[in-house]
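A.B. asks: From the sequence below, what's the structure:
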Amino acid sequence: MPKMKSCRGAAKRFTVLKSGKIKRKKAYHSHILTSKSTKRKRGLRQETFISSHDEAQIKRLLPYG
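C.D. replies: This next block holds a predicted model:
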């Protein structure tokens, strides 16, 4: 039986923690930053966790996480 392959796109975007939670970065912080307020940009810098609704799907993409 060959090794399972993790989805490389998902592996670059998500980190599985020891607690089992999955960490992600926030969107909308890559370009056109002049039109966004400083407060909004500061909030986008923080990392957050994925919702419990999406957790099963992401864990399927990262079998060794």
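A.B. asks: any idea how far R60 is from Y28?
C.D. replies: According to C-beta to C-beta, to the nearest Å, R60 and Y28 sit 26 Å apart. All C-beta atoms are positioned from the backbone trio N, CA, C, and that covers glycine.
A.B. asks: For C7, list the residues it contacts.
C.D. replies: The contact partners of C7, taken as C-beta atoms under 8 Å, 6 or more residues apart in numbering, are 61-62.
A.B. asks: Using PDB, write out every CA atom in stretch 17-36.
C.D. replies: C-alpha atoms of stretch 17-36 as PDB (Å, rounded to 0.1, in the frame of the first residue of the first chain):
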ATOM      1  CA  LEU A  17      -1.500  21.900  16.600                       C
ATOM      2  CA  LYS A  18      -1.000  19.200  19.300                       C
ATOM      3  CA  SER A  19      -4.400  20.000  20.700                       C
ATOM      4  CA  GLY A  20      -5.900  19.000  17.400                       C
ATOM      5  CA  LYS A  21      -7.000  22.500  16.500                       C
ATOM      6  CA  ILE A  22      -6.100  23.800  13.000                       C
ATOM      7  CA  LYS A  23      -4.500  27.200  12.700                       C
ATOM      8  CA  ARG A  24      -4.900  29.500   9.700                       C
ATOM      9  CA  LYS A  25      -4.000  33.000   8.500                       C
ATOM     10  CA  LYS A  26      -6.700  35.600   7.700                       C
ATOM     11  CA  ALA A  27      -7.500  36.600   4.200                       C
ATOM     12  CA  TYR A  28      -7.500  40.100   2.700                       C
ATOM     13  CA  HIS A  29      -4.000  41.100   3.900                       C
ATOM     14  CA  SER A  30      -2.000  40.700   0.700                       C
ATOM     15  CA  HIS A  31      -2.700  43.800  -1.400                       C
ATOM     16  CA  ILE A  32      -4.700  47.000  -1.700                       C
ATOM     17  CA  LEU A  33      -3.900  47.800   1.800                       C
ATOM     18  CA  THR A  34      -4.200  51.600   1.400                       C
ATOM     19  CA  SER A  35      -8.000  51.400   1.400                       C
ATOM     20  CA  LYS A  36      -8.100  49.400   4.700                       C
END
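A.B. asks: would you list every one of the strands in this protein?
C.D. replies: For the chain, the strands defined by DSSP state E occupy 14-16, 22-24, 48-49.
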